[in-house]
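1. have a look at this prediction, sequence included:
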Amino acid sequence: MAAREMFASLPGWVKWVAIPALVLLVFGGAILTAIGTLIGLLFKLLVLVALVGGLIYLVRRFKSSSSGDSSHGW
């Protein structure tokens, strides 16, 4: 509990400004790399979902046009 008491006795500007600034200074590159990787993976997942959806749409469209349904004009 000594660390908690020491941290509680610090001024507010040290707890809320100086310590976070030091954390960003030391780990900023790692944090940005992790966020960039996460955004890249989410973008690739979005592209994959769009491509799979488009493929399903095309397969259904060609399947319905080849089964004798002339409502699509094919």
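-> That came through fine.

2. contacts, neighbours, all on C-alpha from now
-> Will do.

3. neighbours around S65, how many?
-> Counted by other Cα atoms under 10 Å, the residues lying close to S65 total 15.

4. any idea which helix or strand comes after the host helix or strand of E5?
-> Element membership for E5, per DSSP states H and E: helix 2-8. On the C-terminal side of helix 2-8, the nearest following helix or strand under DSSP H and E is helix 12-13.

5. just checking, what packs against that following helix?
-> Here helix 12-13 touches no other helix or strand, going by 3 or more Cα pairs under 8 Å, 6 or more residues apart in numbering; DSSP states H and E.

6. avg pLDDT for that helix?
-> Averaged over helix 12-13, pLDDT sits at 92.

7. now swap in stretch 33-47 and tell me
-> Stretch 33-47 comes out at a mean pLDDT of 98.

8. got it, and stretch 64-74?
-> The pLDDT scores in stretch 64-74 average 64.

9. follow-up on the earlier one: keeping just the C-alphas, turn the helix holding E5 into PDB.
-> In PDB, the C-alpha atoms belonging to helix 2-8 read as follows (Å, rounded to 0.1, in the frame of the first residue of the first chain):
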ATOM      1  CA  ALA A   2       3.000   2.300   0.200                       C
ATOM      2  CA  ALA A   3       3.000   3.000  -3.600                       C
ATOM      3  CA  ARG A   4      -0.700   3.800  -3.500                       C
ATOM      4  CA  GLU A   5      -0.300   6.200  -0.600                       C
ATOM      5  CA  MET A   6       2.700   7.800  -2.400                       C
ATOM      6  CA  PHE A   7       0.700   8.200  -5.600                       C
ATOM      7  CA  ALA A   8      -2.300   9.700  -3.600                       C
END
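
10. can you list contacts of stretch 41-48?
-> For stretch 41-48, there are no external contacting residues (Cα atoms under 8 Å, 6 or more residues apart in numbering).
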